[in-house]
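>>> Below are the sequence and a predicted model; questions follow.
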Amino acid sequence: MYKLDETIYFYVLLLIPVFILLYWFRKIWRKKISKKINLLSKIANNRSIFKPLLKLIVFLAAIFFIVLGLVNPKIGIKLETVKRKGVDVVFAIDVSKSMLADDIAPNRLEKAKQVVSKLIDNLASDRVGIIVYAGSAYPLLPITTDHAAAKMFLQTAHPDMVSSHGTSIAEALNLANTYYDNEEQTNKFLVLISDGEDHEENIESATSAIVQNGVKIYTVGVGTEKGGFIPIIENGNKIFKKDNKGEVVITQRNIDILKEISDNGQGEFFDGNITIESVNSLSEIIRNSEKKEFETKQFSDFKDQFQWFLVIGLLLLVADLFLFDKKTKWVKKANLFNEK
């Protein structure tokens with residue numbers, strides 16, 4: 001495991017393309033001048049073709065390693081077990097095609113991501129996991145205490161991740177039931193975010209099974225009852241999904257299914273269109289629940305590694321000082337390029 005202390009120094013690397021451009025313009029300028037001045041042309045004949053480029057590469061490599069040294073990478077050398085208190089929260093996110101409808105800005109899926117991201121920000125030492133589902137369910141992130149990783153994986157959620165079309169909430173419930181790996185955890189939450197469209201059955205039995213495992217199900221509905229169109233990109237053009245009759249499909253939020261799931265799951269339904277209210281309400285429920293102590297592993301004893309990069313960078317700078325533009329004598333005598 002590693003971490004970076006001063007990432008702001010990475011901006012210095014923006015100088016590298018600047019130096020490359022300066023080198024290129026200088027090379028073009030010298031060619032133009034050498035054609036006009038015979039003396040400079042004679043001097044140029046004694047210049048190596050490759051050494052200026054080698055000097056540039058060495059110099060840029062020196063800058064790169066010095067920047068890495070300033071950033072100060074640290075490596076964790078010890079994995080230790082620490083005790084924390086928290087609950088287990090699994091997010092099941094609907095990524096079916098209907099979630100791309102933009103009846104709620106920017107679209108239903110992005111609204112769902114906003115809700116989950118803000119909820120994760122409000123969690124303390126709680127463990128989180130992420131599931132995405134459409135016609136089938138897919139484990140996006142196993143349950144973990146790494147909230148930063150959770151938010152990173154969250155942004156990758158997209159309909160293309162799940163090959164099966166349609167929407168099967170039962171599949172998401174069944175997969176979520178396998179996520180909770182701590183039998184001693186007394187508070188387990190499943191937050192299911194969807195527009196409520198479901199093309200499969202067996203929701204009731206799947207809900208019953210997960211509740212028996214001690215999980216409370218909270219549902220968050222996104223989209224509107226008025227509905228919206230499902231956009232599809234074909235040959236770079238945006239069109240809308242049509243049914244077998246050639247009519248444009250209108251997808252509507254079905255809160256009845258979501259309310260039924262939350263009622264049977266001993267939880268509550270929230271309107272995800274109002275992000276702040278749903279996030280605050282769910283955060284308060286999780287915050288006020290009993291926290292169970294659990295063990296987790298994390299890296300410790302991070303050691304500075306900047307000195308290695310600085311030494312390499314300084315050695316490259318010294319090497320650059322001793323590289324001259326003139327041809328090496330043995331190369332010049334060998335006349336490898338048949339120069340007159």
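The structure has been received and is ready for your questions.
>>> Using the record's assignment, carve this structure into domains.
2-72+305-334, 81-296 (automatic domain parsing).
>>> Of the ones you listed, which stretch is the most buried?
Ranked by mean neighbour count under mean count of other Cβ atoms under 10 Å, the domains of the chain are led by domain 81-296, which reaches a mean of 18. For glycine as for every other residue, the C-beta is placed from the backbone atoms N, C-alpha and C.
>>> Let me have the domains of the chain in a markdown table, adding mean pLDDT as columns.
Putting the domains of the chain into a markdown table (pLDDT from 0 to 100) gives the following:
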| stretch | mean pLDDT |
| --- | --- |
| domain 2-72+305-334 | 76 |
| domain 81-296 | 89 |
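>>> What ranges does the stretch 101-250 of the chain have for its strands?
Assigned by DSSP state E, counting those that start in this stretch, the strands in the stretch 101-250 of the chain fall at 127-133, 137-144, 188-194, 215-221, 228-229, 231-234, 237-240, 250-251.
>>> I'd like to know which of the ones you listed lies nearest to Ala101.
In terms of Cβ to Cβ, the element of these nearest to Ala101 is strand 228-229, at 3.7 Å.
>>> what's next to the closest one, contact-wise?
Where contact means Cβ atoms under 8 Å, 6 or more residues apart in numbering, the residues beyond strand 228-229 that reach it are Ala101, Asp102, Asp103, Ile104, Phe240, Lys241, Val248, Val249, Ile250, Thr251.
>>> got it, and stretch 200-216?
Contacts of stretch 200-216 (Cβ under 8 Å, 6+ apart): 135, 166-171, 173-174, 176-177, 180, 185-190, 217, 257, 260-261, 264-267.
>>> For it, what is the distance to the chain centroid?
31 Å (Cα atoms, centre = their mean, to the nearest Å).
>>> which stretches of the stretch 101-250 of the chain form helices?
For the stretch 101-250 of the chain, the helices defined by DSSP state H, counting those that start in this stretch cover 108-122, 147-154, 169-176, 203-212.
>>> Check what contacts the longest one and list those residues.
Outside helix 108-122, the residues that touch it by Cβ under 8 Å, 6+ apart are 89, 91, 93-95, 98-102, 104-105, 128, 130, 147, 150-151, 154-155, 157-159, 191, 193-195, 220, 222-223, 272-273, 275, 278-279, 282-283, 286-287.
>>> what's the answer for the third one, then?
Helix 169-176 has contacts (Cβ under 8 Å, 6+ apart) with 90, 92, 94, 131, 133, 135-139, 190, 192, 194, 198, 200-203, 205-207, 209-210, 215, 217, 257, 261.
>>> and the residue most central in space within the chain, how far is that from Leu100?
Centroid check for the chain by Cα atoms, centre = their mean gives Met152 as the closest residue, at 3.4 Å. According to Cβ to Cβ, to the nearest Å, Met152 stands 21 Å off from Leu100.
>>> same question, Ile250
Ile250 is 13 Å from Leu100, by Cβ to Cβ.
>>> How about Gln114?
For Gln114, the distance to Leu100 - Cβ to Cβ - is 15 Å.
>>> How about Ile75?
Counting by Cβ to Cβ - Ile75 and Leu100 are separated by 42 Å.
>>> same check, this time on Phe19
In terms of Cβ to Cβ, Phe19 sits 44 Å off from Leu100.
>>> Likewise for Asp121?
Distance of Asp121 to Leu100, computed by Cβ to Cβ: 25 Å.
>>> repeat for Gln266
Counting by Cβ to Cβ - Gln266 and Leu100 are separated by 31 Å.
>>> And Glu247, by the same measure?
Glu247 is 18 Å from Leu100, where distance means Cβ to Cβ.
>>> Same check on Ile131?
In this structure, Ile131 lies at 19 Å from Leu100, with Cβ to Cβ as the measure.
>>> same check, this time on Glu197
12 Å.
>>> now swap in Asp256 and tell me
From Asp256 over to Leu100 (counting by Cβ to Cβ), the distance is 22 Å.
>>> Please apply the same query to Gly223.
11 Å.
>>> now Asp126
Note on Asp126: its distance to Leu100, by Cβ to Cβ, is 30 Å.
>>> do the same with Pro73
40 Å.
>>> Next: Asn288.
35 Å.
>>> Quick one: the contacts of strand 228-229 as JSON lines, columns for distance to Val12 too.
JSON lines is the format used below for the contacts of strand 228-229 (distance: Cβ to Cβ, whole Å):
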{"residue": "Ala101", "distance to Val12": "45"}
{"residue": "Asp102", "distance to Val12": "41"}
{"residue": "Asp103", "distance to Val12": "46"}
{"residue": "Ile104", "distance to Val12": "42"}
{"residue": "Phe240", "distance to Val12": "48"}
{"residue": "Lys241", "distance to Val12": "48"}
{"residue": "Val248", "distance to Val12": "52"}
{"residue": "Val249", "distance to Val12": "52"}
{"residue": "Ile250", "distance to Val12": "53"}
{"residue": "Thr251", "distance to Val12": "49"}
